[in-house]
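> Predicted coordinates and the sequence they were generated for:
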Amino acid sequence: ASYTMVAFFLNYDERRAGVLDDEGFAGLYQGLLDAGYQLAGPEALLAEMGGTSFRDFVGWFEGLCAAADVDELCAAADVVDI
């Protein structure tokens, strides 16, 4: 996973548990909307991700980047791996 994806996820993982609680997931969802992603409702995103862990987010996000035009966050995800 890239530093960018880690940093984005950690913005919403206040407990640093590697899994988002309801409030954290709501923040992540809103953060994605604010970044310009066009998403279905939060329930649909949760179903697509398959859970709220960091691993779930990374898998979903990498799939999103592969299926779409490369944007700034996706481009950064490809460049800086940790």
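That came through, no problem.

> all helices of the protein, in order?
For the chain, the helices defined by DSSP state H occupy 3-10, 22-34, 42-49, 54-67, 72-79.

> Put together JSON lines for these, with distance to Arg16 and mean pLDDT on each row.
Quick note: C-beta positions are derived from backbone N, CA and C, even for glycine. Shown next, in JSON lines, are the helices of the chain (distance: least, Cβ to Cβ, whole Å; pLDDT from 0 to 100):
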{"stretch": "helix 3-10", "distance to Arg16": "7", "mean pLDDT": "88"}
{"stretch": "helix 22-34", "distance to Arg16": "11", "mean pLDDT": "95"}
{"stretch": "helix 42-49", "distance to Arg16": "19", "mean pLDDT": "95"}
{"stretch": "helix 54-67", "distance to Arg16": "10", "mean pLDDT": "88"}
{"stretch": "helix 72-79", "distance to Arg16": "21", "mean pLDDT": "55"}
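
> Include mean neighbour count when you put these into TSV, please.
Listed next are the helices of the chain as TSV, based on neighbours: other Cβ atoms under 10 Å:
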stretch	mean neighbour count
helix 3-10	17
helix 22-34	15
helix 42-49	14
helix 54-67	16
helix 72-79	15
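
> which residue packs closest to Tyr29, ignoring adjacent ones?
Closest residue to Tyr29 apart from its sequence neighbours, by Cβ to Cβ, 6 or more residues apart in numbering: Pro42 at 4.8 Å.

> meant to ask about Leu33
Leu33's closest residue in space is Leu39 (Cβ to Cβ, 6+ apart), at 6.4 Å.
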